[in-house]
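*Asks:* what follows is a predicted structure for the sequence shown.
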Amino acid sequence: MPGKLKVKIVAGRHLPVMDRASDLTDAFVEVKFGNTTFKTDVYLKSLNPQWNSEWFKFEVDDEDLQDEPLQITVLDHDTYSANDAIGKVYIDIDPLLYSEAATVISGWFPIYDTIHGIRGEINVVVKVDLFNDLNRFRQSSCGVKFFCTTSIPKCYRAVIIHGFVEELVVNEDPEYQWIDRIRTPRASNEARQRLISLMSGELQRKIGLKVLEMRGNAVVGYLQCFDLEGESGLVVRAIGTACTLDKLSSPAAFLPACNSPSKEMKESPLVHPPSHGCRSTHNSPIHTATGSRLTQNFSVSVPTLIYTGMGSGSAGKEGGPFKALLRQQTQSALEQREFPFFTLTAFPPGFLVHVGGVVSARSVKLLDRIHNPAFVGIMGNTRSYKLLDWNSFNSDEPETRDAWWAEIRQEIKSHAKALGCHAVVGYSESTSICEEVCILSASGTAAVLNPRFLQDGTVEGCLEQRLEENLPVGCGFCHIPYDELNMPFPAHLTYCCNCRKQKVPDVLFTTIDLPTDAAVIGKGCLIQARLCRLKKKAQAEANATAISNLLPFMEYEVHTQLMNKLKLKGMNALFGLRIQITVGENMLMGLASATGVYLAALPTPGGIQIAGKTPNDGSYEQHISHMQKKINDTIAKNKELYEINPPEVSEEIIGSPIPEPRQRSRLLRSQSESSDEVTELDLSHGKKDAFVLEIDDTDAMEDVHSLLTDVPPPSGFYSCNTEIMPGINNWTSEIQMFTSVRVIRLSSLNLTNQALNKNFNDLCENLLKSLYFKLRSMIPCCLCHVNFTVSLPEDELIQVTVTAVAITFDKNQALQTTKTHVEKSLQRASTDNEELLQFPLELCSDSLPSHPFPPAKEHLESASSNSGIPAAQRDRCSSWIELIKLKAQTIRRGSIKTTVTVEKASPMGEGNFRNRSAPPCASSTVGVVKMTPLSFIPGAKITKYLGIINMFFIRETTSLREEGGVSGFLHAFIAEVFAMVRAHVAALGGNAVVSYIMKQCVFMENPNKNQAQCLINVSGDAVVFVRESELEVVSTQQPTANCQPSCPGGEVTT
Amino acid sequence: MTSELDIFVGNTTLIDEDVYRLWLDGYSVSDAVSLRVRSGILEQTGATAAVLQSDTMDHYRTFHMLERLLHAPPKLLHQLIFQIPPSRQALLIERYYAFDEAFVREVLGKKLSKGTKKDLDDISTKTGITLKSCRRQFDNFKRVFKVVEEMRGSLVDNIQQHFLLSDRLARDYAAIVFFASNRFETGKKKLQYLSFGDFAFCAELMIQNWTLGAVDSQVDDMDVDLDKEFLQDLKELKMLVADKDLLDLHKSLVCTALRGKLGVFSEMEANFKNLSRGLVNVAAKLTHNKDVRDLFVDLVEKFVEPCRSDHWPLNDVRLFLNQYSASVHSLDGFRHQALWDRYMGTLRGCLLRLYHD
């Protein structure tokens, strides 16, 4: 009897009129948990009933507490006929199960009906008494915290990051059961909602168990998805990153991590090894998956591209031994794990050492009919669906899906290996289903990680010291992790423009957020590649084969588009890359979104050159040169727009003598001959590797045109799909999260690929334009975390769903900072020199115990390296030295503001800014709940995480026209979903949802029948935030306490 | 390529004031789009017509969904579906309940029934206000009327409490409700020169002094219904004109006091008996509902027009009315001083307001 759940029904309001005669309602409430039901009295003739019920008590296992939702049904009492349901509220009580989160759920919940939408509100109080926290039976995993946030949550500290956890559960979809033919749509929808709620609960519990096994206490970057496989069933799967988190005890302690006063920011340099530019190469390895376990035995694994930077393997040089050591160590740490994957996209300082590039894998599967007649008996009777029953009947089913994913993950792992990386970060999985074909996709960023975060038993050596670590400022992560001599793909490698010591690729693609310390020049921007490919309608295997044949071409084209657009913007790296391939009846759609930036460490991208195939034709030539001019103009314009002005900077930096060991440069194999002389290191003008586009047919022509048709956002607007906008740091507190959905019907039946592409492109561009227009009152503002999802609900329909948040920023300040930008980066170069050298000794003493390398070595290393070289840049592979550098930097920052991007890129407002940004909206009216897809709230500090919000809703209508057509229907539904999310958060005592995501929005219509149905799945983290202006007093009172945690040695917390 | 579905939903509901105005004014989406185009918004923002169309549609849809809540403004405050900052909520409500002067003049004092609704078509044609907007305004009047009609307590307070309107707008609505329930005639040709503001001013004075609420704040309908007893008693005033001595005395008192102070003294002296008869007869007739309805017509006919035709300056009117009311206190034979003050105090205010071109 591990738990007692107590529920009290207080009152209702705004109930619908259920009795036409009296224009009133006789309402009562049923409270159900598991198989137990309680009822309130009937409150006669009122639209605002006051039940004030007793406490209904359910005595339940904690396992049930985790799995089951509390189900509250409001009904209208009818003496003569059956009682009419008004609507329901499902409450996930999981947040009450761990001590730090909410202790009570209390508030007004919208009463929701799947046919009528929200019908009034009900006030409910829920409490849980847990009797037994020991979890003796290990069936429950109460106490494991879940976070959707893909970084270490703001008020926690990662002690150990254990790694990948995954699980999936399968069930039959109630919508496809025979009984569905005889029950009402409402009953069917409710069965589905309830089932999915149950399955999510079970899934979460199972993942929690895995985390406990790993000795973790939390899952970060938890991503749960539904696959509506139709007849073959319903899959709920989740991935996440298991961690051991410590709560930062003093509220001030985590200030540096959020947008705390700028001082503190300076003291906590977030040194993320910069990641590498990746470059896509088409001649990537083709992996063919074999033996799938599908009953139909059909499965095609699609050749996938590895988007990677080209490898430079400097492993052989001075860095070699360290690198090898490091690798060895991390490997041993990671090898115990089947999949060294991390769903995180932002990391504690020092965690990320190098980034190799994007790895992805796709596989086409045929969904198997899992219908089992024997099973229907159980599902059909009135018992609640108990998942265990199902599983016992189809015990092999989840394993099939498991096997599919295992296959894909294996592939990802091997791709990562090929890039010389032992881990994958920013990892995510997705599916696209059409009829019986399913494309499974996984992608992530191959990376080399700092092992110290991954091991048990090094607690004291772990994170506290990460701050001391130092990498070459803002460029370490760009340095290639793979072997230069052994590059899988042809690539241009050059020396890092920042430290001049290590090789970097010319372009870097990643799926993670821009590390906060990365040295960036100018601002970033959203870059999208859009692509459609027609395909013949086909059945089963033929269909799957056709799809898998198309996929490589799509990947290639998407990649080419991304490259072209990146170059057109004059940038050299992509972050947050997400490529979505959607399958429909007669077409495939590809949509890639990423945020382009100019990384200071990478060489200046070359331009784009157009080459024609028939150079003899004069007019053609003219045309070509005209196009070329246009492209050059665009590049120039973009550089201006995004304030990319690197050449001067790099030259001046280069100006300092860089002692290059000769031998090393000789090994440089890239076509550019930049290696030998210092002067030749000037890559900034990089004409050599100009990208050549051949216009040999109309297709290519189209491509070029489409390149040029992408309109930049209107002035005052920026957009990105990452958490933070590179180059903007002075956020003000106004935020507006929104979802926009568009569906277009393709007109003609005989569509060509070009027409299709154009339609799709227009759809996306118009959508963006509309967003800019709608949000114009917020200018200057930035659309962050722009998340596009494409689906093909029917033959000729394309649906695009966008969720993003608009955040205002202070323009004046932005201008200032960008001006000083250049100076700062110059400063950085020089300041690095002075200060770095002082610290090794001091550091050695306290970091030694936990440190893998004998300190002496580093000393030798640094001593041996020529004096005058910024130590910071020297040994990227030695985390030990990085540690030192970081420390040096930390201290240095106290006085000089340098390393621009660190503070800049930080999403949080800075000290000086906060004052202004936070209007006295402390007094904001009761019940305002902010929602944002970001992990933070500008101008505010998250003080508490209340638990995960994971909600699934179905809405159906049989009076589509009356509800304002499809737009009216969906508009209302999405507004209702927001309302229900907000209500749940408010009931938990929170005032915001962070890391909010709409994972699914499946819309189906049948206008002829005047019907439509929509399924929406959303999730996020409920939090309490406090405006910084309110905190001001507190934080100024204890400034010393504040900086401690960020100070190198300070092990304040635990 | 046709757009099947196109929506934008913000966590905070976006309200575009300009579009809201167009919506309230009853323009169709396409009219609204072309009006917005004409406002030069495309040039300002660099948007396309398609964007504008989509944006307008979206706002219209939002307003349509909000309309249900606007019918009961407290619901808008408590509902959970649209997260709207309080200042915006206030703006939505205030604008929704705002009305056009031209429209209200047409409807003021009429019965807010379905029959009248049929006339909305004509009003729309006459005023140039879209039928849709007329409907909204009419329905607002009717809704407010129904809710507060039989309520106890101050009319303005009730309206403010149930419709969350600003003080000014609530007062206007109080006047509308008051006029509607007493069915004062305002549409006659000779009343056309009067603005809604004039009537509202009079309504407020009458509510303060002539209704049940003026004597007892604990009755139903206190601010809506005129105090019947008071109206009955007004018959007593008749002696002021019926009793010839009294009338003469009254006249001589007024004339003595005003001699040399009025530019139009001779006209006043000549007209005194007519004017006084007019004003007192208006009072005496108020026993009958029908005559109550004609109150304003009578006032204009019996007082405003005669004075105007003699070109009385407003100040002379004021002096005259002050003296005219005050002198009654010196008439020893007249016992209904309090009644006279209750009547004349209000009437004096009204007349001064009504006296203009």
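*Replies:* Noted; the coordinates are in hand. No experiment lies behind these values; they were computed from the predicted model shown.

*Asks:* from the contact counts, what lies against the strand or helix carrying residue B:267?
*Replies:* For residue B:267, the host element (DSSP states H and E) is helix B:265-285. Applying 3 or more Cβ pairs under 8 Å, 6 or more residues apart in numbering or on different chains; DSSP states H and E, we find helix B:265-285 packed against helix B:239-242, helix B:244-258, helix B:295-299, helix B:305-309, helix B:314-327, helix B:337-354. Using the backbone N, CA and C atoms, a C-beta is placed for each residue, glycine as well.

*Asks:* list the helices and strands the third one packs on?
*Replies:* What that stands for is helix B:295-299. Against helix B:295-299 (3+ Cβ pairs under 8 Å, 6+ apart) you get helix B:265-285, helix B:337-354.

*Asks:* give me the mean pLDDT for it.
*Replies:* For helix B:295-299, mean pLDDT is 90.

*Asks:* report the buried residues of it.
*Replies:* Across helix B:295-299, burial judged by 16 or more other Cβ atoms under 10 Å in any protein chain shown covers B:295-299.

*Asks:* swap in stretch A:35-47?
*Replies:* Here stretch A:35-47 shows A:38, A:40, A:42-43, A:47 as buried, counting by 16+ other Cβ under 10 Å.

*Asks:* restrict the residues you listed to contacts with chain B.
*Replies:* Residues of the buried residues of stretch A:35-47 in contact with chain B (Cβ under 8 Å from any Cβ of the partner chain): none.

*Asks:* pipe those residues into JSON lines and attach pLDDT and secondary structure per row.
*Replies:* Shown next, in JSON lines, are the buried residues of stretch A:35-47 (pLDDT from 0 to 100; DSSP: H, G, I helix; E, B strand; the rest coil):
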{"residue": "A:38", "pLDDT": "94", "secondary structure": "strand"}
{"residue": "A:40", "pLDDT": "93", "secondary structure": "coil"}
{"residue": "A:42", "pLDDT": "91", "secondary structure": "coil"}
{"residue": "A:43", "pLDDT": "92", "secondary structure": "strand"}
{"residue": "A:47", "pLDDT": "90", "secondary structure": "coil"}
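
*Asks:* closest to residue A:358 among these?
*Replies:* The shortest approach to residue A:358 among the buried residues of stretch A:35-47 belongs to residue A:38, at 53.1 Å (Cβ to Cβ).

*Asks:* show me the beta-bridge partners of the closest one.
*Replies:* On the basis of DSSP bridges, residue A:38 is bridged to residue A:31.

*Asks:* in CSV: the helices and strands packed on helix B:295-299, plus mean pLDDT and distance to residue A:966.
*Replies:* Formatted as CSV, the helices and strands packed on helix B:295-299 follow (pLDDT from 0 to 100; distance: least, Cβ to Cβ, whole Å):
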stretch, mean pLDDT, distance to residue A:966
helix B:265-285, 87, 62
helix B:337-354, 89, 55
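
*Asks:* dump those to TSV, plus mean neighbour count and distance to residue B:37.
*Replies:* Shown next, in TSV, are those (neighbours: other Cβ atoms under 10 Å in any protein chain shown; distance: least, Cβ to Cβ, whole Å):
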stretch	mean neighbour count	distance to residue B:37
helix B:265-285	18	55
helix B:337-354	18	43
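
*Asks:* distance to residue A:161 added to those helices, as a markdown table?
*Replies:* Listed next are the helices and strands packed on helix B:295-299 as a markdown table, based on distance: least, Cβ to Cβ, whole Å:
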| stretch | distance to residue A:161 |
| --- | --- |
| helix B:265-285 | 90 |
| helix B:337-354 | 79 |
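
*Asks:* what are the pairing partners of the helix or strand harbouring residue A:593, and which direction each?
*Replies:* Using DSSP H and E, the element containing residue A:593 is strand A:587-599. Here strand A:587-599 is paired, per DSSP bridges, with strand A:520-534 (antiparallel), strand A:573-583 (antiparallel).
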